[in-house]
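Colleague: Based on what follows, work out the 3D shape:
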Amino acid sequence: AWSGLVRPDHVGAVQLAGLALGGTGALLAAWCIFSFALVGRGTPAPFDPPRRLVTRGPYRWMRNPMYVGAGLALLGAAVFYESLPLLLYCLAFWLITHLFVVWYEEPTLRRSFGAEYERYSQHVKRWWPTRLPLEIP
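Modeller: Sure thing, here's the model as predicted:
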C-alpha cells in the first residue's frame, strides 16, 4: 500500500484506460523483441545485441519503440492503480532512458552501423512516430 499499488475498489473507465495503455505498451515491446530476434538476429540484451540494424516492424516508425512500449506499460499501471508514486517512477524511467539513449545507445549504434544508422536516424524520429515510415529497399 505504501507504493500506491492498492487494488481498485472497482474497475471503471480509468482502470480500463490503464489496461489499454499497459496492454498496448506490452504488445509493442513484445513486437520489438521479435523484430530483434528475427530481423536483427540478436536480442535486446547487451551480451547478444542484434547483428543487423533493425529498421523493420515498429522500428520503421520510431527509433526506440521498445522503450516507448515499456514506458506505456508503466504509465498504464500508474493509471490503473491511480498511483502518484508509480507515475513519478514512470517519469524517472523516461528521463533516465532518454539520457541513456542519447549518451550511450546512439553513439554505440553509430559506431556499430555507421552510415546505415545515420541515414536511419535522419528519417526516423527518436521518440515520436514518423508520419511516413522509412521505406526499406
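Colleague: Contacts for the host helix or strand of residue 72, please.
Modeller: According to DSSP states H and E, residue 72 maps onto helix 65-81. Applying Cβ atoms under 8 Å, 6 or more residues apart in numbering, the external contacts of helix 65-81 come out as 4-6, 8, 14-15, 17-33, 44, 58-59, 62, 83-84, 86-87, 89-90, 93-94, 97, 101, 127. C-betas here are computed from N, CA, C, even on glycine.
Colleague: Could you report the distance from residue 127 to residue 52?
Modeller: 23 Å (Cβ to Cβ, to the nearest Å).
Colleague: hang on, the earlier thing: please spell out the ChimeraX selection for the buried subset of the contacts of helix 65-81.
Modeller: Listed next is the ChimeraX selection for buried residues among those, using 16 or more other Cβ atoms under 10 Å:
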select :15,18,21,22,24,25,28,29,31,32,58,59,62,83,86,87,90,94,97,101
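Colleague: Can you give me the end-to-end span of stretch 51-65?
Modeller: Distance between the two ends of stretch 51-65: 18 Å, counting by Cα to Cα, to the nearest Å.
Colleague: Mean confidence (pLDDT) on it, please.
Modeller: Averaged across stretch 51-65, the pLDDT comes to 92.
Colleague: just how off-centre is that stretch within its chain?
Modeller: 11 Å (Cα atoms, centre = their mean, to the nearest Å).
Colleague: now stretch 27-47
Modeller: The answer for stretch 27-47 is 11 Å, by Cα atoms, centre = their mean.
Colleague: neighbouring contacts of it?
Modeller: 48-59, 65-66, 68-70, 72-73.
Colleague: Okay, now the unreliable bits of this protein?
Modeller: 1-4, 133-137 (pLDDT under 70).
Colleague: let's see it at 80
Modeller: Low-confidence segments of the chain, defined by pLDDT under 80: 1-6, 42-47, 131-137.
Colleague: for stretch 65-82, which positions count as buried?
Modeller: Result for stretch 65-82 [16+ other Cβ under 10 Å]: buried residues 65-81.
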